[in-house]
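here is a sequence together with a model predicted from it:
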Amino acid sequence: MRDRKLEERIKLLKEFINEWVKFRSFLKIGVAGKASPEREEEFMKLKSLIARKYQYLTSLMGESFSADEKLMNIVSRVTSLKQVAEIAPEVGQRGIEDEWHSSFIRLNGNLGEMEGERAKLAKVSRIGIALSRMCPPMGRFLKSLGKAVLIFLTIAVILFVGSYFLDREGRETFSDWTRDRATDVSDFFRQTF
């Protein structure tokens, strides 16, 4: 079975990861000091696209989207490619690279979870889902059917046992038995009082 919403989330997250990889490529251009005005413009467009998609993914997926907070810190901290070239390589550039990598790993972890969910859903058939939805009503039906069968069997046993004692050849009937007992009781009271 396929979940269209899940498929859409996977598609959006893959696109976001691709844009995050492009962001890193731009960072490398900035570190190398090869930023042209055209590249700066592309970089700014990519930053705004990442910010918008990040907010959209966060609102769409809610708690299940656990992107690293460092992601948006990097996007907001790196104002331009020229600025990246001016950051001290040992401290600033390496820190940005580490934070980027941490966010990249977290994003791929989210993607892996969703693809695992997709794999589970692929094993479930529509027939299986329909049956699972029918089972509670079927269970109630079988339970009430079981009660009806039990009541029927109880009545059948009572009738069978009753017919054995009440009307057999050579045995007195229930009405004869009660009449005789009633006569005995009335005779008892007459004699006693």
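Looks like it arrived, so ask away. Values in this document were obtained by computation on a predicted structure and should not be read as measured data.

C-alpha from now on. contacts and neighbour counts both.
OK.

just confirm F104 contacts N18, I think it does.
No. F104 is not in contact with N18 according to CA atoms under 8 Å; the separation is 10.0 Å.

the two: who's more crowded?
F104 (19 against 13; other CA atoms under 10 Å).

where's that one, which helix or strand?
Taking DSSP states H and E as the definition, F104 sits inside helix 94-123.

who are the packing partners of that helix?
helix 4-32, helix 70-77 (3 or more CA pairs under 8 Å, 6 or more residues apart in numbering; DSSP states H and E).

report the angle between the shortest one and helix 94-123.
Looking back up the chat, that one is helix 70-77. 140 degrees (axes from the mean of the first three to the mean of the last three CA atoms, to 10 degrees).

using PDB, list the CA coordinates for helix 70-77.
Taking Å, rounded to 0.1, in the frame of the first residue of the first chain, the C-alpha atoms of helix 70-77 are listed here in PDB:
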ATOM      1  CA  LYS A  70      22.200  24.100  13.600                       C
ATOM      2  CA  LEU A  71      20.800  24.100  10.100                       C
ATOM      3  CA  MET A  72      19.100  27.400  10.400                       C
ATOM      4  CA  ASN A  73      22.000  28.800  12.500                       C
ATOM      5  CA  ILE A  74      24.300  28.200   9.500                       C
ATOM      6  CA  VAL A  75      21.900  29.700   7.000                       C
ATOM      7  CA  SER A  76      21.500  32.800   9.100                       C
ATOM      8  CA  ARG A  77      25.200  33.100  10.100                       C
END
